[in-house]
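K.L.:
Sequence first, predicted coordinates after that:
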Amino acid sequence: MTSMSVGTATHPAAGKAPTIAGEKKHTRYIVAAVCIFLIALMLFPVFMSLLASIKTPAEAMAAPPTYLPHALSLDNYFKVYDYQVGLPVYLFNSLAVAFLTIVFCLVLAVPAAYGLARFPVPGKEILFVVLLLGLMIPYQALVTPLYLMFSKIGLSNSLVGLALIHTIVQLPFSVFLLRNSFEAIPKALEEAAVTDGCNSWQTLWRVFLPLVKAGIVTVVLFAFIASWNEFLGALIFMSRESNFTIPIMLVNVRTGQHGAIDWGALQAGVVIAVLPCIAIYVLLQKYYMSGFLSGAVK
Amino acid sequence: MRFLSKRAVARVVLGTTVAALMSSSAMAAEQLNLLVRSSAANGATFMTDLWNSTHEDQISVTVIPDNQMVTKLATGVQSGDVPDLVAFDLIFMPDFMRAGFLEDLTNLLENDPNQAKVAQAFKDLASYEGKLYGTGFTPDVSVLIYNKELFRQAGLDPETPPKTLAEIEDYAAKIAALGDDTYGYYFSGSCGGCNIFTVAPMMWGSGAKLLPKGPDDPILEGTGVKEVLTTFRNMWTAGSIPPDAQSDPGNNFIAVFLGGKLGMQGAGGLVINSIKQDHPELDFGIAPLPGVKDGDQSSFVGGDVIAIPTGSKHADIAKDFITWQLTDDAQLNGLAKNFILPSRSDLADNEYFQAEPRYITTAKAVGIGQVPWVFHFNDMVNSDASPWITMLQTAIFDGDIDGAIETARQKMKEIASE
């Protein structure tokens, strides 16, 4: 012990090393604890939804509510599955509209953002601001006039029409994000592509798009989630049950007599509706984070 | 051809002709769309299923969230993209008729003998300036439901429900005295629609006039308004009503009763079937909503009317459906068989309800019920800050009964003037 103490005392760094390591260890523990707490906080409502969805319908509606199911039941899922025209129809409609929204957003936003970022368009800053105005007008104010217009040209009550509406809402943000992504690419790469004989479209396709992949994935994610969750437009634009999307079905299936809420069916619907969002987010997560940052900071 | 006999050729020709006729007949069948609010979707689905099984023209149901029906119909009429039929909360009928949203059905219904047997409340609500714009479809009516087991435990006779407000207050106190989180009475304290359905009949059954059609009509006047509010205030201060009732926007309208620790509440007759299915252990009774004096009974005749929106592309078939749904077959096999009240009063006591006297009590309440014929019902009653719900909250939870009534009168007068 003595020799160890002497040895430790004579080396100036030896006494500090364990302290710093210990502090780092403590810091890691604290950070981990905070992270676990935050994760638990975020997961708690999802977990409670899952628990409520597997209660019997009667227990799910009980007031005051029970925390843990007294008996397990899939009746709530059966109710959601069989509701009106059936869950597969609502799922198909939501997926089709979300897919079309993504396609329309990319087809329109990529060239627009590319042009605004890399070409000397006269008054492009003003154009960009005008484009962003769409973000500033409340969606509720746009829906009815758009519906009247779409009805006249035969686009109401169609999945394509609804996807166009979602695209209109999502487009300003998509252009904003992609423009910043395009601007972040060094000029030298573009010049090299031109030197090698690429025209503008070839430069976009072969050089720029691979570099803004993260930004594109971010646009895809946002377009998907926005379209998947959108309620008001789908309600106004669609007139047939067979064209309704998941959010409308969710509101309807939860409604009991005199406005009482069928909590079991609602939570089963929530669990089903959230799965595609989680799946697409997990699949594209690594692109999403870098894409959002590269788009947010010029 | 020489290998085919004349008879065979004739068969082929005949078969082809029949197939062509059947094909053209199938092509002639129309597909109609019925818009219905989500809380009434079951009844509409039963009725359309029955129609579809016996008719060539088919009707599909499109379900709209309850609180979006007005928006949906209004935008549809504006754009010309309307459903062929629409069923909605009867209380919106005056506004829709005045706005010109609905087809005039006067000739159709006046020539239909079944229309005369429809509950009077539906006929009243669907009339505007001497014309008829709709008729009853899937009714509901408010009644008092009570837990017979708690009545027994509190020393009350489970076969003798309260007949006056004073008895409600007395019974509620006795049941609440059982303790162990048991309460005597429940109402959703932040839900205007729930309480016009379950509290207002106690007032108008006692003689009060509640909602004005125009600014000069009596508003919240007559015996019953102050008395009902006082009864509820007394039950609140005595602890007979659960504290959670104050903030309930209707989400737990029936849930507390289903827990088995609540004595009484106003509810709709439609709950009978769902209680029997989901909570067979509950021993419950049904009674008319009482008023100040014994015999002051009434109810709110709610539910849905059916009408044809202006611009319907299949108005003729829609009219056929409207008259068909009033026939004995549709009323009994589409509604009563599925334990939904018929809209025709003469069918209240039917073969399907015989085994369950509680249905008959409920169906008969349609005959004694009322429904307010007013414009701007949503502003007066249903909205979150309506004068109706504000009056209830101020009177019952804060105790300022006279002030609450007076403020509500002023506000309703303003709304009726619009």
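P.N.:
Perfect, I can see it now.
K.L.:
which stretches of the stretch 151-300 of chain B form strands?
P.N.:
Along the stretch 151-300 of chain B, the stretches classed as strands by DSSP state E, counting those that start in this stretch are B:183-186, B:262-268, B:284-287.
K.L.:
Chain A is nearest to which of these?
P.N.:
strand B:262-268 (5.7 Å; CB to the nearest CB). Bear in mind the C-beta positions are built from the backbone N, C-alpha and C, glycine included.
K.L.:
Packing partners of that closest one?
P.N.:
If you count contacts as 3 or more CB pairs under 8 Å, 6 or more residues apart in numbering or on different chains; DSSP states H and E, strand B:262-268 packs onto strand B:135-147, helix B:148-153, helix B:165-176, strand B:183-186, helix B:192-198, helix B:255-258.
K.L.:
Tabulate those (TSV), appending mean neighbour count, distance to chain A and mean pLDDT.
P.N.:
Putting the helices and strands packed on strand B:262-268 into TSV (neighbours: other CB atoms under 10 Å in any protein chain shown; distance: least, CB to the nearest CB, whole Å; pLDDT from 0 to 100) gives the following:
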stretch	mean neighbour count	distance to chain A	mean pLDDT
strand B:135-147	28	8	93
helix B:148-153	18	16	97
helix B:165-176	21	17	97
strand B:183-186	27	10	96
helix B:192-198	26	6	93
helix B:255-258	23	4	89
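K.L.:
Spell out which parts of the stretch 51-200 of chain B neighbour chain A.
P.N.:
By CB under 8 Å from any CB of the partner chain, the residues of the stretch 51-200 of chain B that approach chain A are B:60-66, B:68, B:71-72, B:75-76, B:78-81, B:83, B:140, B:191, B:193-194, B:197.
K.L.:
Can you list which of those are found in strands?
P.N.:
Judged by DSSP state E, these include B:Ser60, B:Val61, B:Thr62, B:Val63, B:Ile64, B:Asp140 as members of strands.
K.L.:
The third one - nearest residue in space that isn't next to it in sequence?
P.N.:
So that's B:Thr62. Spatial nearest neighbour of B:Thr62, excluding adjacent residues (CB to CB, 6 or more residues apart in numbering or on different chains): A:Glu241 at 4.3 Å.
K.L.:
which residues touch the one you found?
P.N.:
A:Gln84, A:Val85, B:Ser60, B:Val61, B:Thr62, B:Val63 (CB atoms under 8 Å, 6 or more residues apart in numbering or on different chains).
K.L.:
contacting residues for the fourth one?
P.N.:
If a contact means CB under 8 Å, 6+ apart, then B:Val61 has A:Gln84, A:Glu241, B:Leu34, B:Val36, B:Ala41, B:Ala44, B:Thr45, B:Thr48 as its contacts.
K.L.:
at 10 Å what do you get?
P.N.:
A:84-85, A:241, B:33-36, B:41-42, B:44-45, B:47-49, B:83, B:85, B:87 (CB atoms under 10 Å, 6 or more residues apart in numbering or on different chains).
K.L.:
Now, those residues that are in helices?
P.N.:
Among the contacts of B:Val61, the residues falling in helices (DSSP state H) are B:Ala41, B:Asn42, B:Ala44, B:Thr45, B:Met47, B:Thr48, B:Asp49.
K.L.:
same for chain A: which of those are within range?
P.N.:
For chain A, the contacts drawn from the ones in helices among the contacts of B:Val61 by CB under 10 Å from any CB of the partner chain are B:Ala41, B:Asn42, B:Thr45.
K.L.:
Turn the buried ones among the ones in helices among the contacts of B:Val61 into a named ChimeraX selection, would you?
P.N.:
Applying 16 or more other CB atoms under 10 Å in any protein chain shown to the ones in helices among the contacts of B:Val61, the buried members can be selected in ChimeraX as follows:
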select /B:41,42,44,45,47,48
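K.L.:
Going by distance to A:Phe99, which of the ones in helices among the contacts of B:Val61 wins?
P.N.:
B:Ala41 (28.9 Å; CB to CB).
K.L.:
B:Glu221: neighbouring residues, count only.
P.N.:
Counted with other CB atoms under 10 Å in any protein chain shown, residues neighbouring B:Glu221 total 15.
K.L.:
Could you tell me how far the nearest residue to it once chain neighbours are set aside is located from B:Asp124?
P.N.:
Excluding the flanking residues, the one nearest B:Glu221 by CB to CB, 6+ apart is B:Lys209, at 5.2 Å. As judged by CB to CB, to the nearest Å, B:Lys209 and B:Asp124 stand 15 Å apart.
K.L.:
Next: B:Gly295.
P.N.:
Shown here: B:Gly295 relative to B:Asp124, a distance of 23 Å by CB to CB.
K.L.:
Leaving out sequence neighbours, find the closest residue to B:Leu341.
P.N.:
B:Pro139 (4.7 Å).
K.L.:
what residues are up against that neighbour?
P.N.:
Going by CB under 10 Å, 6+ apart, B:Pro139 touches B:40, B:43, B:90, B:118-119, B:121-122, B:268-270, B:301-305, B:335, B:340-345, B:362-363, B:366, B:369.
K.L.:
and if we set it to 8 Å?
P.N.:
B:Ala119, B:Phe122, B:Val301, B:Gly302, B:Gly303, B:Asp304, B:Leu341, B:Pro342, B:Ser343, B:Val366 are the contacts of B:Pro139 under CB under 8 Å, 6+ apart.
K.L.:
Fine by me, thanks again.
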